[in-house]
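Visitor: okay, here's the prediction I keep looking at, along with the sequence it came from:
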Amino acid sequence: MGAREFDIVLYGATGFTGQLVAEYLSLRYSGDPTLKWAMAGRSPEKLTAVREAIAAPSDIPLIVADAADPASLRDMVARTRSVITTVGPYQLYGAELLGACVEGGIDYFDLCGEPIWMRQMIERHEEAARASGSRIVFSCGFDSVPFELATFFVQEEAKRVFGAPAPRVKGRLRDMRGSFSGGTAASAKATFDAVANDLKLVRILGDPFALTPGFVGEKQPRANRVMYEEDLKSWAAPFTMALINTRNVHRSNMLMGFPYGRDFVYDEMVLTGPGEQGEANAKRVMAANAEKTGPNALKPGEGPSREEREAGLFDLLYVAIAADGREVRAGVTGDRDPGYGSTSKMISECALCMLRDATDVAPGFWTPGAAMGHRLIKRLIDNAGLTFRVET
């Protein structure tokens, strides 16, 4: 890749989440003369309004590009070393941009939680990405960075304590204050609509190894019903984001050469507490899951207020279980609303980590954790309000 005008172009800067990414980059990095970045979107007027609304420097360049105009995307890509895109659902608006990045040999980062589209893009472009030098990194937000890195982190502790990785890991959401993004809801709806129109896609959607082409591991827990977990002394309910997170965790394992083992078993659920109240809470969570993608879900472009975002948080418990039953535990937390405040910081730091700290990562399709591991954890701790800790 020759010299490029920009290090990062943020595509979708006028959307709700895109504006938050732009604000984070401006607040955190505008004083860094070594980072050259630009904002891109369909409307020059809206781009100017966003730049003013977030009080970004007036010399931040603005690029007009539209998913419906492939030539504009190629022109945008030709000017930069990497693209962050918040324009979803990606199965509706992402293929042309991803293809342009592969063709141009540049890095690509998104917030995708759409396993069918991701599988299709991997199959279509993997060979070309490796040839061009492009590094494609899906799922750089709340789905699935904290879950993927929590698995990586607890397995590192398992290796230290047990002398080997654990064949079984449980991911449990202990607390979440905030909301899933409107983009996440729209992506889920688009995925279900695609399946309804092509029933052959049901097999991919239901496959825990949908993102590990050529590899099928052990049978995985379904985690689709309310249950009591004796070792955690808590009731648990299904977790809507497990559909994408579990696939990304298994893909990470494969991309890293199966450090967790080829028989690795992993699931995610929501902890709701002990006793009758915990059981009732679990049933309420299960009943509420449909509302996250139903008619009352947030729409793309909608989101919580600044006060609500800053009052949000998430708290994950990860349990690695050795073959002999011994356990190690880890906690991962974020200090903002997960679907917006934390997500905007996470995708920014993924792009910067690849740009500055993980230049040795080979071309191809990656998960954030498999590509950047400890380097990304450090960035998220230092800059993005996440914590990673071993628990006793």
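Guide: Nice, thanks for sending it over.
Visitor: by mean pLDDT, flag the weakest helix or strand of the protein.
Guide: Least confident element among the helices and strands of the chain, by mean pLDDT, DSSP states H and E: helix 182-197 (a mean of 75).
Visitor: packing partners of the helix or strand that it is followed by?
Guide: Next along the chain after helix 182-197, taking DSSP states H and E as the criterion, comes helix 201-205. If you count contacts as 3 or more C-beta pairs under 8 Å, 6 or more residues apart in numbering; DSSP states H and E, helix 201-205 packs onto helix 115-132, helix 182-197. To be clear about C-beta, it is placed using only N, CA and C from the backbone, and glycine gets the same treatment.
Visitor: ok, now how distant is the residue in the chain sticking out farthest from the centre from residue 174?
Guide: Relative to the centre of the chain, and counting by C-alpha atoms, centre = their mean, the farthest-placed residue is residue 276 at 34.1 Å. Using C-beta to C-beta, to the nearest Å, one gets 20 Å for the distance from residue 276 to residue 174.
Visitor: residue 107 too?
Guide: For residue 107, the distance to residue 174 - C-beta to C-beta - is 34 Å.
Visitor: in CSV: the helices and strands packed on helix 201-205, plus mean neighbour count.
Guide: Output for the helices and strands packed on helix 201-205, formatted as CSV (neighbours: other C-beta atoms under 10 Å):
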stretch, mean neighbour count
helix 115-132, 18
helix 182-197, 19
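Visitor: closest one to residue 310 among those?
Guide: helix 182-197 (18.6 Å; C-beta to C-beta).
Visitor: still on that earlier bit, what about residue 107 and residue 174, which has more around it?
Guide: residue 107 (27 against 17; other C-beta atoms under 10 Å).
Visitor: can you list the low-confidence ranges for the stretch 101-250 of the chain?
Guide: 179-184 (pLDDT under 70).
Visitor: which residues in the stretch 251-392 of the chain form helices?
Guide: Assigned by DSSP state H, counting those that start in this stretch, the helices in the stretch 251-392 of the chain fall at 275-288, 306-311, 343-352, 368-383.
Visitor: alpha carbons only: can I get the second one in CSV?
Guide: These are the backbone C-alpha positions of helix 306-311, laid out as CSV (Å, rounded to 0.1, in the frame of the first residue of the first chain):
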residue,chain,number,x,y,z
ARG,A,306,-25.9,11.5,26.9
GLU,A,307,-27.0,11.2,30.5
GLU,A,308,-28.4,7.7,29.9
ARG,A,309,-25.3,6.6,28.0
GLU,A,310,-22.9,7.8,30.8
ALA,A,311,-25.1,6.1,33.5
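Visitor: so for residue 100, what's the pLDDT?
Guide: pLDDT recorded at residue 100 is 98.
Visitor: so it, which of the three states?
Guide: Counting by DSSP: H, G, I helix; E, B strand; the rest coil, the backbone at residue 100 sits in helix.
Visitor: ok, it - contacts?
Guide: 70, 73, 74, 76, 77 (C-beta atoms under 8 Å, 6 or more residues apart in numbering).
Visitor: surely the fourth one is within a helix?
Guide: Yes: going by three-state DSSP, the assignment for residue 76 places it inside a helix.
Visitor: next up, phi/psi of the nearest residue to it once chain neighbours are set aside, please.
Guide: Excluding the flanking residues, the one nearest residue 76 by C-beta to C-beta, 6 or more residues apart in numbering is residue 65, at 4.3 Å. Dihedral pair for residue 65: phi -150, psi 150, per degrees, to the nearest 10.
Visitor: is it true that residue 65 touches residue 79?
Guide: No: assessed by C-beta atoms under 8 Å, residue 65 is found out of contact with residue 79, at 10.1 Å.
Visitor: and these two? Which one has more around it.
Guide: The neighbour comparison of residue 65 against residue 79 (other C-beta under 10 Å) goes to residue 65, with 23 against 17.
Visitor: do you know how far the more buried one is from residue 39?
Guide: For residue 65, the distance to residue 39 equals 10 Å [C-beta to C-beta].
Visitor: cool, and residue 273?
Guide: From residue 273 to residue 39 the distance is 44 Å (C-beta to C-beta).
Visitor: which of those two has more neighbours?
Guide: Neighbour count, other C-beta under 10 Å: between residue 273 and residue 39, residue 39 has more, with 28 against 16.
Visitor: before we move on, back to that, remind me what the least confident helix or strand of the chain packs against, helices and strands.
Guide: So helix 182-197, by 3+ C-beta pairs under 8 Å, 6+ apart, packs with helix 90-93, helix 115-132, helix 201-205.
Visitor: one step back: would a markdown table of the helices and strands packed on helix 201-205 with distance to residue 236 be doable?
Guide: Formatted as a markdown table, the helices and strands packed on helix 201-205 follow (distance: least, C-beta to C-beta, whole Å):
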| stretch | distance to residue 236 |
| --- | --- |
| helix 115-132 | 23 |
| helix 182-197 | 21 |
